[in-house]
Structure formats: structure tokens, C-alpha cells
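Visitor: Let me see the structure of the following:
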Amino acid sequence: MFAFCADPDTLDPVRWFACYLTTGKHQNFYWAFGTVFLLLAVTAPTALLFGFGGAIAARSRIAPLSWLGKGYIAVVRGVPDIAFFLFFVIALDQGIEYLRHVVLCPEWTEPVRQGSDFLVCNEAKMPLGDSPQWVHEAYGFALAVLTFAIVFGAFAANVLYGAMRAVPKAQVETAAAYGMSPGQTFRRVIVPQMWTFALPGLANLWMILIKATPLLFLLGVEDIVYWARELGGAVTPRFSSYPHGDWTFWYFAVLLVFYLCFTKLSEVVIDRLTANLARGQATAGGEALRKGMA
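Guide: Numbers count the residues shown, from 1 in each chain. Okay, here's the model as predicted:
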């Protein structure tokens with residue numbers, strides 16, 4: 001905060017807003033945008049990894065592995081996102097604590113499940129009760145990343161599975177005729193070419209992932225939606241040096257502008273990436289590029 005912020009009651013409107021926008025809570029609000037970027041930076045490749053693994057499993061010739069891949073895609077895609085987020089995070093957290101409880105507290109005789117309560121020994125809690133605040137926040141963020149990755153990984157797996165099947169069979173057969181093994185054909189022929197077919201679907205998933213980041217609020221992470229609600233609500237002089245009415249609309253308007261700008265920037269990047277991948281490919285995009293250069 002600025003030096004002139006010592007007495008907010010004596011400030012003119014410009015300085016009042018300068019002081020108001022630099023309070024500790026607003027600093028947390030600004031840092032929350034970094035939380036969103038970090039979530040996207042970690043979740044996107046992790047979800048793609050889940051998707052790639054799910055797609056490979058789904059197209060496997062080993063029946064149980066194929067069932068596992070197709071089951072993962074079908075089950076996760078068939079459950080509403082909000083229901084999965086709310087259920088899976090609780091189940092995963094309790095599952096981790098239960099395993100730790102069994103290992104660390106074998107002398108425990110009371111049942112873990114007591115009505116609606118889930119009770120484990122203090123040593124098994126995740127994180128520990130005396131852990132620093134950043135450990136609690138990091139643990140919650142890690143659960144959120146894993147949940148997002150599993151959900152969007154299933155959609156990515158469906159996209160990649162279709163993209164692998166879209167690679168012309170003639171090229172796969174030609175690779176086999178040249179003596180390539182199935183593994184070599186997959187690595188050298190299918191994977192390099194599938195991205196052209198997969199990119200439109202993956203681009204849509206990226207946009208949906210951006211729009212899904214407010215779900216962090218439901219998972220207990222203090223994201224931009226949490227702070228917008230916290231800061232936008234009406235505050236009286238009794239509880240704050242910077243009282244104001246209900247400004248929720250304005251804070252969420254800022255979030256609206258942020259998401260619109262971010263998605264527009266994503267569209268520009270995706271369009272350029274699509275053009276680069278389509279160059280020289282026997283696809284509609286590649287043919288359009290060839291005609292445009294002719």
C-alpha cells in the first residue's frame with residue numbers, strides 16, 4: 001500500500017481507489033490469476049497424458065486393456081463434471097487418509113466410518129493439522145489438478161482415439177509392407193499424423209478447460225471466483241477501512257473480460273498451430289494451404 005493510505009477517510013476518490021486496490025485481499029485476488037494459469041499449465045499436459053494413455057489402451061488388441069481404456073472414456077464422460085469433482089475429490093482424500101491410517105495407526109480399534117463422520121488418527125490426516133498453510137493449499141491444488149486431468153483426460157482420450165483411427169489405412173499398410181513392426185508404425189506413422197486430426201477436438205477441450213477453471217471454487221481452492229465474491233460483497237465501515245456497497249457485478253465483469261481475452265488469445269495461437277500442422281498434410285486444411293500458395 002502507499003504511504004498516503006494511513007487514513008482512508010481523508011483521501012480523494014482517486015487515492016481511495018489506489019489504496020483500496022492494493023490491500024492484502026486484493027493482492028490475493030491478483031495472485032489468484034496466477035493460480036488459474038498454473039492450473040492450466042499443469043492440467044493441460046497431464047490431461048493429455050491421461051488421454052494418450054486412454055486412447056492407446058482403447059485401441060489395444062489385448063481385450064482387458066481395451067475394456068479398461070474404453071470404460072475409462074465412457075464412465076468419466078458419462079458423469080456430470082460437477083458431480084465428479086465433488087465426489088472424486090472427497091473419495092480420493094478419504095482414500096489417501098484411510099491407507100495412511102491403516103499403515104500408521106494399526107492399534108486403532110474404533111471404526112473409521114461413524115455415521116456421516118470419517119475419523120482417522122491425527123498422524124494419518126492429509127495434510128497434518130500442524131502443517132503450514134501453504135502445505136494445505138498445495139495439497140488442495142494437487143487434488144484439483146488430478147481431478148481436472150482425469151475428467152478432461154477422458155475427453156482427450158476420445159479425441160485421440162478417433163484421430164488415430166482417422167490416419168489413412170493405406171499409410172499403415174504401406175509401413176507394414178516396408179517391414180515396420182506395429183510399434184514402429186504407431187510411433188513413426190500414426191502418432192505424427194494424428195495431431196492434425198486431433199487438434200480441432202483438443203482445441204475445443206482447451207477452451208472448455210479454460211471455462212471450467214471457476215470450478216476450483218467448488219474444490220475449496222481460493223481462486224479468482226472466490227476472491228471476486230469475497231471482495232465484491234457489501235462491506236460496512238464497521239468491518240473495513242474501505243466500505244462500499246455490493247460491487248459483485250463489477251468484479252465478475254473483470255472476470256468476464258479476462259476470460260474473453262484469454263480465449264481470444266488461445267484462438268489466435270490455435271489457428272497458427274493448425275496452419276503449421278496442416279502444411280503438407282493430405283487433409284482439407286492442408287489442401288486449402290496448398291491452393292492458397294499456388
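Visitor: Give me the neighbour count for Lys25.
Guide: Using other C-beta atoms under 10 Å, Lys25 is surrounded by 12 other residues. C-beta: built from backbone N, CA, C; applies to glycine.
Visitor: element containing it?
Guide: If you go by DSSP states H and E, Lys25 is part of helix 24-58.
Visitor: Quick one: mean pLDDT for that helix?
Guide: Mean per-residue pLDDT for helix 24-58: 90.
Visitor: And that helix, what does it pack against?
Guide: In terms of contacts (3 or more C-beta pairs under 8 Å, 6 or more residues apart in numbering; DSSP states H and E), helix 24-58 is packed against helix 63-78, helix 133-166, helix 191-212, helix 224-232.
Visitor: The helix or strand where Val269 lies vs helix 224-232, what angle?
Guide: Assigned by DSSP H and E, Val269 falls within helix 248-278. If you take axes from the mean of the first three to the mean of the last three C-alpha atoms, to 10 degrees, helix 248-278 sits at 160 degrees to helix 224-232.
Visitor: And helix 248-278, what's buried?
Guide: 251, 255, 259, 262, 266, 270, 274, 277-278 (16 or more other C-beta atoms under 10 Å).
Visitor: So, low pLDDT: which residues of the chain?
Guide: Within the chain, the stretches with pLDDT under 70 are 1-4, 129, 239, 278-294.
Visitor: Can you give me the buried ones in stretch 16-25?
Guide: For stretch 16-25, by 16+ other C-beta under 10 Å, it's 16, 19-20, 23.
Visitor: Using a markdown table, please lay out those together with distance to Ile73.
Guide: Converted to a markdown table, the buried residues of stretch 16-25 look like this (distance: C-beta to C-beta, whole Å):
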| residue | distance to Ile73 |
| --- | --- |
| Trp16 | 54 |
| Cys19 | 52 |
| Tyr20 | 48 |
| Thr23 | 46 |
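Visitor: circling back to that earlier point, just put the helices and strands packed on helix 24-58 in CSV and tack on mean neighbour count and distance to Leu49.
Guide: Shown next, in CSV, are the helices and strands packed on helix 24-58 (neighbours: other C-beta atoms under 10 Å; distance: least, C-beta to C-beta, whole Å):
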stretch, mean neighbour count, distance to Leu49
helix 63-78, 15, 13
helix 133-166, 19, 7
helix 191-212, 18, 13
helix 224-232, 20, 26
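Visitor: ok, back up a step: tell me the one among the buried residues of helix 248-278 nearest to Val191.
Guide: Leu277 (12.8 Å; C-beta to C-beta).
Visitor: That closest one contacts Trp195, doesn't it?
Guide: Yes. Using C-beta atoms under 8 Å, Leu277 is in contact with Trp195, at 5.8 Å.
Visitor: Render the CA-only coordinates of stretch 88-104 in PDB, please.
Guide: Output in PDB follows, covering the C-alpha atoms of stretch 88-104 (Å, rounded to 0.1, in the frame of the first residue of the first chain):
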ATOM      1  CA  PHE A  88     -14.000 -37.800  -6.600                       C
ATOM      2  CA  VAL A  89     -12.100 -35.200  -4.500                       C
ATOM      3  CA  ILE A  90     -13.700 -36.400  -1.300                       C
ATOM      4  CA  ALA A  91     -13.300 -40.000  -2.200                       C
ATOM      5  CA  LEU A  92      -9.600 -39.600  -3.100                       C
ATOM      6  CA  ASP A  93      -8.900 -37.600   0.000                       C
ATOM      7  CA  GLN A  94     -10.500 -40.100   2.300                       C
ATOM      8  CA  GLY A  95      -8.900 -43.000   0.400                       C
ATOM      9  CA  ILE A  96      -5.400 -41.500   1.000                       C
ATOM     10  CA  GLU A  97      -6.100 -40.900   4.700                       C
ATOM     11  CA  TYR A  98      -7.600 -44.400   5.100                       C
ATOM     12  CA  LEU A  99      -4.400 -46.000   3.600                       C
ATOM     13  CA  ARG A 100      -2.200 -43.900   5.900                       C
ATOM     14  CA  HIS A 101      -4.400 -44.700   8.800                       C
ATOM     15  CA  VAL A 102      -4.100 -48.500   8.300                       C
ATOM     16  CA  VAL A 103      -0.300 -48.200   8.000                       C
ATOM     17  CA  LEU A 104       0.400 -45.600  10.700                       C
END
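Visitor: With that, I have no additional questions.
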